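Trainee: Just to be clear, the model below is a prediction. Sequence and coordinates:
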Amino acid sequence: MEDREWSVEKEHFDDCRALIAENIQNYEKEAEERHQEVQELFEAVQAGDAELYNQLMTSTSLEEHARNQLRKNKAAFEKPYFGRIDYKDLMLDKEEKVYIGKNGVFKNKTEVVIADWRAPISTVYYENEMGEGSYRTPDGKEQKIDLKLKRTYDVDRGVLRGFYDSDVTSNDELLVQYLSKNKDAVLGDIIATIQKEQNEIIRANPFSNTIVQGVAGSGKTTVAMHRISYILYNYKERFESNEFCIIGSNDMLLNYITSGLPELDVFNMKQKRMDDMFLYLLGRDLKAKYKKTESVTGAEWKSKMQFMKGLERYLERMREECIPCEDLLDEELGRVMSAYGIKEILESFSDYSVNRLLALLDERLKNRLKFLIDDSDKDEFKKKFKEKSTEYKHYYQQRKITKNLIDIYIAFLQDYGSRTRIDVKETIEQLAKNRLDVYDLTALTLLKYRLIQKKEDEEFGQIFIDEAQDFGAAPYYVLRTVLPKCFFTIMGDVSQNINYESGMNDWEDLKKCMLTNEKDSFRLLSKSYRNTIEISEYAGKILELASSGAYKIEPVIRHGMQVDVVEAGDDKKRAKETARILGEIKERGFSSVAIVVFDEEESAVVKKELGQYMEVTDGSETGFQTGTMVLPVKLTKGLEFDAVILWNPQMETATESKKEAKLRYVAVTRALHELHILN
């Protein structure tokens with residue numbers, strides 16, 4: 001780089017940090033003053049001065065704004081920005097220079113000095129090539145530009161180390177430099193290295209459903225987190241964070257995901273396991289005290305769309321029995337309700353539950369009585385209307401469903417078993433003991449929605465599902481049905497389906513029930529940024545068996561050490577070998593290590609044997625943390641570690657079935673830098 005250009009960039013960098021330091025000082029003072037003001041107003045309102053309440057609300061809001069700006073400026077001080085674009089606005093015929101950072105920075109609270117990465121103009125940095133092009137604002141308007149320069153900065157702990165100019169953001173030298181760091185450092189730099197295909201998903205229309213098939217290490221979870229942040233930043237008038245929910249298969253994965261959201265300016269977002277989501281939707285309507293259980297072996301049919309279609313047909317028959325489309329005749333008034341009119345109501349309000357429809361029909365019946373009774377004599381009308389209202393009180397609602405949902409579900413299962421010759425006996429026995437798995441909760445939620453729900457659930461605006469392949473299509477069909485105004489972003493990899501019989505091994509059923517609008521999309525992330533070439537090549541051989549080659553890995557060219565395969569003998573020898581490897585990993589500067597077991601009972605063995613040499617934690621109990629963790633393979637889903645040690649993985653079983661291949665593929669692809677296999 002030329003000395004003059006370097007000095008200009010260095011001066012600008014120092015000026016930005018000086019401005020941020022000044023902002024920090026000003027916002028600290030303002031936040032303290034606002035806090036004092038809020039305290040005084042609160043005490044005055046508590047003392048009875050109600051007229052000051054509105055002023056208290058305003059001051060509270062101003063204090064919150066000051067603290068948010070303080071937090072953002074503090075976050076920006078170490079690394080004010082990571083990118084810059086120079087372009088000509090072809091519509092205004094004006095030259096522009098924009099610096100882009102993780103947090104927007106203002107001068108005098110109005111002038112933008114550093115653009116937020118989520119701002120519409122920032123998409124140019126991630127997607128546009130040099131020359132004429134355009135970008136779109138959230139309202140869909142196209143802005144035409146001529147891009148002259150795209151620059152990426154290397155900043156480390158408040159020091160500008162250098163910069164790189166390129167036609168595409170995925171400058172291999174810079175990307176590999178970031179990916180070569182330890183796990184914690186990678187998370188801090190990820191916004192600077194978002195790739196074009198990832199950015200397209202992050203900024204996709206939020207009023208649509210998206211399914212993303214991404215190979216291991218393609219950044220699915222990172223993309224989901226940044227999409228949440230992007231939507232909240234650009235569509236704040238439409239969505240609030242408490243309308244958002246992340247759904248995952250286990251608490252460790254959920255905690256791992258949500259721990260990074262505050263850094264992206266996302267707070268107060270819901271997180272739920274899939275079973276907890278359905279339990280939440282059921283609410284008080286699941287009257288029995290239930291015990292969560294794992295899915296019954298041999299009952300995988302409950303996870304399939306065929307089962308949902310059978311349940312829908314059964315519920316349709318129930319609706320027809322409860323609400324017959326027939327004329328209601330009165331000796332004096334004639335035809336009060338027509339079969340045609342009832343059918344029209346059922347078609348117009350097809351998303352209403354049976355009980356809600358019955359209440360609606362009673363309301364329509366009441367209005368029909370008013371219409372049919374002669375009102376020329378007001379006193380006679382009141383008398384007649386009261387008489388007929390009493391006669392037809394709850395005429396339709398007397399048919400309403402009052403049975404317990406579980407009793408209805410058992411009756412359906414018996415009917416379904418007799419029609420399909422599927423053995424439902426064990427499932428019914430579990431239900432009789434109030435033992436429900438996630439698919440029972442799924443079916444019960446649909447029962448509630450179709451039969452007894454009183455009003456629409458409008459609590460959720462956006463739902464994000466990670467590791468989606470771990471469940472069959474049934475839960476997604478039900479979520480889509482019972483939350484019709486909600487939009488879904490679904491991330492997964494069918495090659496990593498650890499629940500082979502009940503999960504998804506392809507996306508076809510999910511596409512049919514989720515992608516029903518022209519704005520909806522199915523997207524692919526084929527490039528893996530997590531593993532080194534050596535680990536990717538090893539994983540690729542297993543992937544061929546796991547997915548029959550349907551989704552191949554395209555690794556980023558980043559070399560590391562060869563996969564280390566050790567014949568380690570019995571448990572005691574394995575523990576000694578593991579201790580040696582862990583010591584070497586620590587010397588190389590890596591801090592997060594997973595020892596992955598393929599039999600959950602082995603976790604205790606590993607802790608006992610390895611405990612003689614060092615401290616290890618059981619991740620199934622403590623949740624994700626740095627250090628050395630012992631984890632069963634199913635709990636590693638969605639996580640990544642600097643180094644992974646596979647404890648007696650019996651890799652030869654990966655060739656025996658797709659199910660076993662997928663388990664090994666998941667385990668192998670957790671490693672960022674080092675993979676050790678102890679046979």
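Mentor: Cool, got the structure. What you are looking at is a predicted structure, and each value in this text was computed from that prediction instead of being measured. Residues are numbered from 1 along each chain as shown.
Trainee: Can you find which helix in the protein contains the most residues?
Mentor: When secondary structure is assigned using DSSP state H, the longest helix within the chain turns out to be helix 3-46.
Trainee: Run through this structure and note the low-pLDDT ranges.
Mentor: 1-2, 167-190, 287-288, 296, 546-549, 618-625 (pLDDT under 70).
Trainee: Name the residue most distant from the centre of it?
Mentor: In the chain, the residue that sits farthest from the middle, by CA atoms, centre = their mean, is D377; the gap is 62.6 Å.
Trainee: Which strands and helices lie in contact with the longest helix of the chain?
Mentor: Helices and strands touching helix 3-46, by 3 or more CB pairs under 8 Å, 6 or more residues apart in numbering; DSSP states H and E, are helix 53-78, strand 105-107, strand 111-116, strand 142-156, strand 159-165. Every C-beta, even on glycine, is put in place using the N, C-alpha and C of the backbone.
Trainee: The very next helix or strand once past the longest one - contacts with which helices or strands?
Mentor: Read it as helix 53-78. Toward the C-terminus, helix 53-78 is succeeded by strand 83-89 as the next helix or strand (DSSP states H and E). Applying 3+ CB pairs under 8 Å, 6+ apart, one finds that strand 83-89 contacts strand 94-101, helix 123-127, strand 142-156.
Trainee: do that again at 10 Å, thanks
Mentor: Based on contacts counted as 3 or more CB pairs under 10 Å, 6 or more residues apart in numbering; DSSP states H and E, the elements that strand 83-89 packs against are strand 94-101, strand 111-116, helix 123-127, strand 131-136, strand 142-156, strand 159-165.
Trainee: Quickly compare these and say which is most buried.
Mentor: Looking across the helices and strands packed on strand 83-89 with neighbours counted as mean count of other CB atoms under 10 Å, the highest average goes to helix 123-127: a mean of 22.
Trainee: could you dump the helices and strands packed on helix 3-46 to a markdown table with distance to G540?
Mentor: Formatted as a markdown table, these follow (distance: least, CB to CB, whole Å):
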| stretch | distance to G540 |
| --- | --- |
| helix 53-78 | 38 |
| strand 105-107 | 43 |
| strand 111-116 | 38 |
| strand 142-156 | 30 |
| strand 159-165 | 30 |
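Trainee: Report the contact partners of the residue farthest from the centre of the chain.
Mentor: Shown here is D377, whose contacts under the criterion CB atoms under 10 Å, 6 or more residues apart in numbering are 383-384.
Trainee: cool, and R151?
Mentor: Contacts were defined as CB under 10 Å, 6+ apart; by that measure R151 touches 9, 81-86, 97, 99-100, 125, 163-166.
Trainee: 6 Å instead, please
Mentor: For R151, the contacting residues are 84, 163, 165, by CB atoms under 6 Å, 6 or more residues apart in numbering.
Trainee: just the residues you listed now: which is nearest T152?
Mentor: Looking at these and their distance to T152, the nearest is F163, at 6.6 Å (CB to CB).
Trainee: Nearest spatial neighbour of that closest one, chain-adjacent residues omitted?
Mentor: Taking CB to CB, 6 or more residues apart in numbering as the measure, F163 lies nearest to Y153, with 4.8 Å between them; neighbours along the chain are not counted.
Trainee: Same question for K384.
Mentor: On the basis of CB to CB, 6+ apart, the spatially nearest residue to K384 that is not a chain neighbour turns out to be I373, at 5.0 Å.
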